[in-house]
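K.L.:
everything below, folded, please.
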Amino acid sequence: MAMNDRAGAIAACLILIVAAASAQAADSDTALNEVIVTATRVREPADKALEPVIVIDRAALENSLAVDIGDLLRFHAGLDIGRSGGPGQPLSLFIRGANSDQSIVMIDGVRINSGTQVLAPLMNLAPELFDRIEIVKGPRSAIYGTDAIGGVVNLITRRDGSSGADVMLDYGRYATGEFAVDGNYTAGGTSVQAALTGQQSNGFPTYAADTLDSGYKNLSGTAAFTTHVGDMELGARYFQATGTTQYADAVYNDDFTAFQSFTPLSENFSNRLLALHAGGDVTADWHTRVTLSRVIDDLRQEQNDPYAFLPGGDFDYTSRDSVDWQNDVKIDTASLKQTLTFGAMAYKEQTNSLSFGTAYAIDTHAQTYYLQDQLEAGANRLLLAGGIAHYSAFGDHATWNAEYGYSLTADTLLIPSAGTAFRAPSATDRFGFGGTPDLLPESSRNFELGIKWRLDASQAVTLAAFQDTIDDLIVFVSDPSNVIFGGENQNINRARIRGVEASWDLRADSWVAHAEASLQDPRDLAHDTQLLRRSKHSFTLSGARKFGRGELGTELLLSGPRPDVDVVSGAPVEDGGYLLASLYGKLNLTEALSATARLDNAFNRRYELASGYNTAGRAASIAVRYRFR
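P.N.:
All right, here's what the predicted structure looks like:
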């Protein structure tokens with residue numbers, strides 16, 4: 001994609017500014033000390049992890065003023081977003097070129113992917129409710145089970161910290177407004193936390209050819225309680241997002257070559273999670289933890305389904321009851337540090353769906369058993385993990401990870417790794433439109449070579465080259481003899497994604513900067529074509545500088561073109577590449593009161609994340625935040 005002179009000049013200036021920040025950082029004492037838990041289920045420094053990880057911290061969540069999590073994820077290279085319209089509309093995430101249903105999304109370690117649509121409701125997750133986001137790229141089925149082919153996204157809610165409360169008000173273009181309030185109380189070994197946010201937007205037309213706005217309302221909250229009884233920790237957490245999304249139903253002309261009219265429709269959603277946990281030390285070196293959870297994903301169309309045999313709107317409903325038992329055993333000697341992690345996960349999932357006249361009600365039972373060993377001896381680190389998942393529908397499926405890290409120097413880590421992952425067919429794949437009950441799991445093999453290099457206390461660089469081959473991909477195959485569906489789902493496709501990624505991170509006294517680049521070839525091997533809605537290259541750059549009571553920052557996203565299909569004819573088309581730029585300024589009026597102003601899509605670019613669907617134009621917003629602490 002060609003950038004105009006103004007965009008190119010601004011981008012060049014921003015790069016020079018960040019480079020100047022790099023030079024200033026040489027004398028800074030600020031360290032890159034993020035700690036993550038998602039990659040291995042065990043706490044570890046992010047810069048020491050053998051896995052490719054991304055961490056989005058609380059400051060980035062606040063400064064984004066984003067309506068949903070998707071607006072944050074897209075500003076990281078290698079994370080492609082597909083969006084069918086504005087706020088509340090369907091949103092897909094493609095990690096490293098994998099399909100949107102081949103990644104896990106969790107809240108506090110509990111999977112929230114729908115059992116019917118398989119996707120997680122990212123469009124309904126308000127950033128204000130979360131403290132940080134951890135993204136792990138690559139196969140993680142050995143320790144998390146099904147779907148972890150592309151990676152894992154873990155949304156961690158706000159918790160702990162000093163007692164107090166925050167209040168935030170935000171308003172911007174498309175009459176988009178939000179309020180958020182959260183509070184935390186900590187005394188001794190007991191902590192109580194709660195947060196509530198309300199969002200409303202008039203939105204904009206879903207389809208590019210439409211003129212009717214599609215609005216969105218979302219009321220979300222979370223609450224948590226943690227206490228200690230002797231050496232044991234007990235806790236409970238609840239999350240809920242409920243609201244209404246308006247959208248348009250397209251009516252075509254007689255030969256299906258153009259839109260004829262649009263009918264306004266709406267649907268109600270409810271996403272809920274309840275988790276109870278208990279954990280403690282069995283011995284001085286053995287910690288155990290059990291988590292019981294229930295997840296509800298309920299999506300219901302308000303209007304009657306014209307294709308249904310019975311009156312009532314389309315719906316998708318998932319309830320999943322899970323138990324996750326994890327054990328961590330440390331075995332340290334003078335020459336060897338070892339952490340052994342083992343456990344089991346089991347769930348019962350109930351799915352009910354009515355869509356385009358096809359209905360089903362299915363119960364699914366599955367168990368996963370896993371074992372992971374991490375060893376460190378001198379300059380050598382090794383991770384070995386294996387898991388076995390059992391499904392009554394297609395038996396057992398084994399996966400593994402092997403990762404080796406060698407410290408070339410005290411600040412340089414070389415990491416070769418390999419692993420496998422799988423995705424179990426969803427209830428919709430098996431029993432929905434064109435479903436085939438005896439489908440096999442999709443499976444993948446991944447090979448990667450990475451290097452992590454810490455330049456100084458404030459800067460770090462990562463490089464990685466990877467290849468992921470995915471077999472038995474489930475696709476819909478047309479068959480004129482199938483008079484009901486016109487075809488059926490089959491395990492016939494195969495894909496291969498090859499890529500190179502690089503990132504640079506800076507945390508100085510007054511500067512923060514981050515750059516990422518991704519070059520990848522997500523290829524459909526069955527047809528020798530590029531996989532849909534995935535770009536071959538992307539680049540992101542963010543930078544911010546603090547001065548006195550203020551802070552100025554910017555974010556850039558450069559994404560290449562992506563193949564797609566026309567929303568009307570289904571013919572192959574291409575969504576053009578684009579450059580997005582966002583600017584924000586923050587002023588701390590007092591120690592407790594701050595104001596943030598933000599301008600998204602500053603160049604007012606017209607672009608598509610799904611062919612035929614609108615995206616937001618230039619949009620300004622302002623927020624005021626007060627902290628009672």
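K.L.:
point out where the stretch 51-200 of the chain drops to low pLDDT.
P.N.:
160 (pLDDT under 70).
K.L.:
can you give me the strands for it?
P.N.:
In the stretch 51-200 of the chain, the segments counted as strands under DSSP state E, counting those that start in this stretch are 53-56, 79-83, 91-95, 103-107, 110-111, 130-137, 151-157, 164-172, 176-187, 190-201.
K.L.:
would you reformat the ones you listed as CSV and include mean neighbour count?
P.N.:
Quick note: C-beta positions are derived from backbone N, CA and C, even for glycine. Output for the strands of the stretch 51-200 of the chain, formatted as CSV (neighbours: other Cβ atoms under 10 Å):
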stretch, mean neighbour count
strand 53-56, 20
strand 79-83, 24
strand 91-95, 25
strand 103-107, 24
strand 110-111, 23
strand 130-137, 22
strand 151-157, 24
strand 164-172, 17
strand 176-187, 18
strand 190-201, 19
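K.L.:
reformat those strands as TSV; add distance to Asp363.
P.N.:
Output for the strands of the stretch 51-200 of the chain, formatted as TSV (distance: least, Cβ to Cβ, whole Å):
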stretch	distance to Asp363
strand 53-56	35
strand 79-83	30
strand 91-95	27
strand 103-107	21
strand 110-111	17
strand 130-137	30
strand 151-157	25
strand 164-172	42
strand 176-187	37
strand 190-201	33
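K.L.:
right, and the ones you listed - which one's nearest Leu340?
P.N.:
Closest of the strands of the stretch 51-200 of the chain to Leu340 is strand 130-137, at 20.1 Å (criterion: Cβ to Cβ).
K.L.:
helices of the stretch 351-500 of the chain, residue ranges please.
P.N.:
427-431 (DSSP state H, counting those that start in this stretch).
K.L.:
in it, where is pLDDT below threshold?
P.N.:
Using pLDDT under 70, the stretch 351-500 of the chain drops low at 483.
K.L.:
tell me which stretches of it form strands.
P.N.:
Under DSSP E, counting those that start in this stretch, the stretch 351-500 of the chain gives strands at 358-377, 380-391, 395-409, 412-423, 442-456, 459-478, 487-507.
K.L.:
please apply the same query to the stretch 201-350 of the chain.
P.N.:
Along the stretch 201-350 of the chain, the stretches classed as strands by DSSP E, counting those that start in this stretch are 216-229, 232-252, 259-283, 286-301, 315-332, 337-355.
K.L.:
what residue is smack in the middle of the chain?
P.N.:
The residue lying closest to the centre of the chain (Cα atoms, centre = their mean) is Val153, at 4.4 Å.
K.L.:
any chance of the strands of the stretch 201-350 of the chain in JSON lines, plus distance to Pro572 and mean neighbour count?
P.N.:
Shown next, in JSON lines, are the strands of the stretch 201-350 of the chain (distance: least, Cβ to Cβ, whole Å; neighbours: other Cβ atoms under 10 Å):
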{"stretch": "strand 216-229", "distance to Pro572": "31", "mean neighbour count": "18"}
{"stretch": "strand 232-252", "distance to Pro572": "19", "mean neighbour count": "18"}
{"stretch": "strand 259-283", "distance to Pro572": "19", "mean neighbour count": "16"}
{"stretch": "strand 286-301", "distance to Pro572": "30", "mean neighbour count": "18"}
{"stretch": "strand 315-332", "distance to Pro572": "29", "mean neighbour count": "18"}
{"stretch": "strand 337-355", "distance to Pro572": "26", "mean neighbour count": "19"}
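K.L.:
in a markdown table: the ones you listed, plus distance to Gly188.
P.N.:
Shown next, in a markdown table, are the strands of the stretch 201-350 of the chain (distance: least, Cβ to Cβ, whole Å):
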| stretch | distance to Gly188 |
| --- | --- |
| strand 216-229 | 8 |
| strand 232-252 | 13 |
| strand 259-283 | 17 |
| strand 286-301 | 21 |
| strand 315-332 | 25 |
| strand 337-355 | 29 |
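K.L.:
wait, which of the strands of the stretch 51-200 of the chain is closest to Ser417?
P.N.:
Distance to Ser417, taken as Cβ to Cβ, is lowest for strand 130-137 among the strands of the stretch 51-200 of the chain, at 11.2 Å.
K.L.:
so which residues make contact with that closest one?
P.N.:
36-39, 51-58, 61, 69, 72-73, 76, 78-79, 95-96, 150-159 (Cβ atoms under 8 Å, 6 or more residues apart in numbering).
K.L.:
run a quick check on the residue nearest to the centre of the chain versus Leu93, I expect a contact.
P.N.:
Yes: the pair Val153 / Leu93 is scored as a contact, 7.3 Å apart, by Cβ atoms under 8 Å.
K.L.:
joint contacts of these two?
P.N.:
Residues touching both Val153 and Leu93 by Cβ under 8 Å, 6+ apart: Leu73, Ser103, Val105, Ala120.
K.L.:
for the residues you listed, which one is nearest Gly432?
P.N.:
Out of these, the member with the shortest distance to Gly432 (by Cβ to Cβ) is Ala120, at 18.1 Å.
K.L.:
so what's the closest one up against?
P.N.:
Contacts for Ala120 (Cβ under 8 Å, 6+ apart) come out as Leu93, Val105, Ile112, Asn113, Ser114, Val153.
K.L.:
distance-wise, check it relative to Glu44.
P.N.:
Computed with Cβ to Cβ, to the nearest Å, the distance linking Ala120 and Glu44 is 25 Å.
K.L.:
do the same with Arg549
P.N.:
35 Å.
K.L.:
tell me which of these two has more neighbours.
P.N.:
With neighbours defined as other Cβ atoms under 10 Å, Arg549 and Glu44 compare such that Glu44 has more, 18 against 12.
K.L.:
so how many other residues sit close to the spatially closest residue to the more buried one that is not a sequence neighbour?
P.N.:
The shortest distance from Glu44 to any non-neighbouring residue, by Cβ to Cβ, 6 or more residues apart in numbering, is to Ile36 (6.4 Å). By the criterion of other Cβ under 10 Å, Ile36 has 24 neighbours.
K.L.:
residues in contact with Ile36?
P.N.:
Arg43, Glu44, Pro45, Ala46, Ala49, Val53, Val55, Glu134.
K.L.:
in terms of pLDDT, where does it sit?
P.N.:
What the model reports as pLDDT for Ile36 is 95.
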